[in-house]
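Trainee: Build me a model:
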Amino acid sequence: MKMNRLGRTGIEMSDLCLGTMTYGTQTDAADAYAQMDMALDAGINIFDTAEMYPVNPLSAATQGRSEEIVGAWAKDRGRRDDVLIATKHSGNGIKYVRDGADITAASIPQAIDGSLKRMQMDHIDLYQLHWPNRGSYMFRQNWTFDPSKQDPAKEKANMVEVLEALQAEVDKGRIRAFGLSNESAWGTAQWLQLADAGHGPRVASIQNEYSLMCRMYDTDLAELSVNEDVGLLAFSPLATGLLTGKYMDGAVPEGSRKSIASGLGGRETERAHAAAAAYVGIAHDHGLDPVHMALAFCQARPFMGSVIFGATTADQLARIIEGKDVVLEAETMQAIDKAHRAHAMPY
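Mentor: Down below sits the predicted model:
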């Protein structure tokens, strides 16, 4: 398994990361335990969760269950020191998580208290802010995103207080590294500048959506990542299953995300299905499993820190692990580039 450095922290993480957002809804504890055993045995040493998980569906009744399952597994197996645990502060918008409060100096220790208690752990390896207080262009909001009403001075003042609170948590040993999620180039640059000015820990990573079908990161954020050593933790690298081919010709497999949440979070469009068909076709033309091709493409990007995939079942994880070391040939990459130009921004 290829290893990448987490920012400038000195922490080494595998270039594939096990996502756990279905643990507690679509994935029960027994299957989750099997997945975590398999992933670690395959060399995957980072697991990603969040205080708001599980999803499909999100609910107050299950909130925090994914962290509980991850923590119970680590305690049961005695393997806490073998794995990096990444989790997230939910930020605003979810009423049943601390009343939907913003990310502030006050909410950070509260959120960390909750995550550590649920996971039965004394520290978090990578603590991430799930989305900015000011909003984000992610999750299809890029089509109408308008920053003109932002107050940059207010945003920077909040960043300073948050960084100082995060530094206090680093000093206590409760977090090791700090990352962003659903963030922009401007936002990331401000966090970096304020950290360099001595206000708190330096950003080590950004968790944004990235796949063959969602390549907004290829522009300004890619340059920032490479030059500032802030690697991408890519979520939805399989485009919520579109790139696996399982939704071809109108199919809706039982238990799939589409069978639970129609629309696939705004990703299901006529253009998206055409793009997915093109990429699945490239994989077949080059003798590749579409899943392996999609993940290998992400792994090869120069700004990639780790590619976060989710597996509803252990069988799906086994398929992913089979392709963990796939490297795409130049001809395959050329075909991908051609398809990207024909199907850019399909959702």
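
Trainee: measure the nearest residue in space to Leu163 that is not next to it in sequence to Pro290 for me?
Mentor: With sequence-adjacent residues excluded and distances taken as CB to CB, 6 or more residues apart in numbering, Leu163 is closest to Gly200, at 2.8 Å. C-beta coordinates here come from the backbone N, C-alpha and C atoms, glycine included. According to CB to CB, to the nearest Å, Gly200 and Pro290 sit 42 Å apart.

Trainee: And Ala276, by the same measure?
Mentor: From Ala276 across to Pro290, the span is 9 Å (CB to CB).

Trainee: what's the helix or strand of the chain with the lowest mean pLDDT in contact with?
Mentor: When each helix and strand of the chain is scored by mean pLDDT, DSSP states H and E, helix 257-260 comes last, with a mean of 85. Helix 257-260 is contacted by residues Gln26, Asn56, Pro57, Thr240, Gly241, Tyr247, Val252, Pro253, Leu264, Glu268, Thr312 when judged by CB atoms under 8 Å, 6 or more residues apart in numbering.

Trainee: Show me what counts as buried in it.
Mentor: Arg257, Lys258 (16 or more other CB atoms under 10 Å).

Trainee: packing partners for the next helix or strand after it?
Mentor: On the C-terminal side of helix 257-260, the nearest following helix or strand under DSSP states H and E is helix 270-285. Counting contacts by 3 or more CB pairs under 8 Å, 6 or more residues apart in numbering; DSSP states H and E, helix 270-285 packs against helix 290-299, helix 330-342.

Trainee: how far out from the middle of the chain is stretch 203-223?
Mentor: Relative to its parent chain, stretch 203-223 has a centroid offset of 11 Å by CA atoms, centre = their mean, to the nearest Å.

Trainee: End to end on that stretch, go ahead and measure it.
Mentor: Taking CA to CA, to the nearest Å, stretch 203-223 runs 15 Å from one end to the other.

Trainee: Count the neighbours of Ile117 for me.
Mentor: Not Ile; residue 117 is Lys. 13 (other CB atoms under 10 Å).

Trainee: Glu164 is in contact with the residue nearest to Leu163, correct?
Mentor: Yes: counting by CB atoms under 8 Å, Glu164 is a contact partner of Gly200 at 5.5 Å.

Trainee: which outside residues touch the biggest helix by length in the chain?
Mentor: Longest helix in the chain, counting residues (DSSP state H): helix 152-172. Residues from elsewhere that reach helix 152-172 (CB under 8 Å, 6+ apart): 102-105, 108-109, 112, 127, 129, 133-134, 175-176, 178, 187, 190-191, 194-195, 199-201.

Trainee: That one: how far from the chain's middle?
Mentor: Using CA atoms, centre = their mean, the offset of helix 152-172 from its chain centre is 22 Å.

Trainee: Compare the contacts of helix 257-260 and tell me which is most surrounded.
Mentor: Highest neighbour count within the contacts of helix 257-260, by other CB under 10 Å: Thr240, with 25 neighbours.

Trainee: and that one, how far is that from Asp76?
Mentor: From Thr240 to Asp76 the distance is 30 Å (CB to CB).

Trainee: Ok, Val252 next?
Mentor: 35 Å.

Trainee: hey, where'd the helices end up in this structure?
Mentor: 29-41, 65-77, 107-119, 152-172, 185-196, 220-228, 257-260, 270-285, 290-299, 314-322, 330-342.

Trainee: quick check: angle from the fourth one to helix 185-196?
Mentor: In other words, helix 152-172. If you take axes from the mean of the first three to the mean of the last three CA atoms, to 10 degrees, helix 152-172 sits at 50 degrees to helix 185-196.

Trainee: quick one: helix 152-172 to helix 107-119, angle?
Mentor: Going by the same axes, to 10 degrees, helix 152-172 makes 40 degrees with helix 107-119.
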